[in-house]
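*Asks:* Below is the sequence, then the predicted model.
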Amino acid sequence: LTRIAFINSNMLFVPMGRGMLGTFITFVSFYCIAAPLACTVALTDVWTSAVQPKMVACVGATSVAQFVGLCASFLWLSRLDWIEAGAIINRRANMDRPGDIALEQLNAAEEVRENACSIC
């Protein structure tokens, strides 16, 4: 469950032009939080000296990292202006089209944004 939710929340950064933010969240959650936790449990006898809990901790550290990344991604996405994000994604998706079509779609996206803002 954490893997699917983490991937879904993290994949939304790339179309918005925030791919490095997704990479940063992944790096911090896996290498700065989960890896030290797994190393501490697995390589030391601080918490336990039994082998089975150490193995479970190594496997479970990925779920910890995914949960931390999921929380960070959804926190950022919850504060997002979705109308603006939709316009950015629309512009990026239509960059390869001829100028007139892309310009018309950009104007239509701006009209949608203005109408949505007047409703709010």
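*Replies:* Right, received. Where do you want to start?
*Asks:* what's downstream of the longest helix along the chain, the next helix or strand?
*Replies:* Determined from DSSP state H, the single longest helix within the chain is helix 51-78. Counting by DSSP states H and E, the element after helix 51-78 in chain order, helix or strand, is helix 82-93.
*Asks:* same question for that following helix, mean pLDDT?
*Replies:* Averaged over helix 82-93, pLDDT sits at 84.
*Asks:* So which bits of the longest helix of the chain are buried?
*Replies:* For helix 51-78, burial by neighbour count (16 or more other Cβ atoms under 10 Å) applies to 54, 57-58, 61-62, 64-70, 72-74, 76. No exception for glycine: its C-beta is placed from N, CA and C like everyone else's.
*Asks:* just how off-centre is it within its chain?
*Replies:* 14 Å (Cα atoms, centre = their mean, to the nearest Å).
*Asks:* Just want the angle from it to helix 82-93.
*Replies:* Between the axes of helix 51-78 and helix 82-93, defined by axes from the mean of the first three to the mean of the last three Cα atoms, to 10 degrees, the angle is 90 degrees.
*Asks:* which stretch of helix or strand covers the closest residue to residue 76 other than its chain neighbours?
*Replies:* Closest residue to residue 76 apart from its sequence neighbours, by Cβ to Cβ, 6 or more residues apart in numbering: residue 21 at 7.1 Å. According to DSSP H and E, residue 21 maps onto helix 19-27.
*Asks:* So which bits of that helix are buried?
*Replies:* Buried-residue list, helix 19-27, by 16+ other Cβ under 10 Å: 21-22, 25-26.
*Asks:* try stretch 83-99
*Replies:* Buried positions in stretch 83-99, judged by neighbour count with 16+ other Cβ under 10 Å: 83, 85-90, 94.
*Asks:* And stretch 12-20, by the same measure?
*Replies:* So for stretch 12-20, counting by 16+ other Cβ under 10 Å, buried means 12-13, 16, 18.
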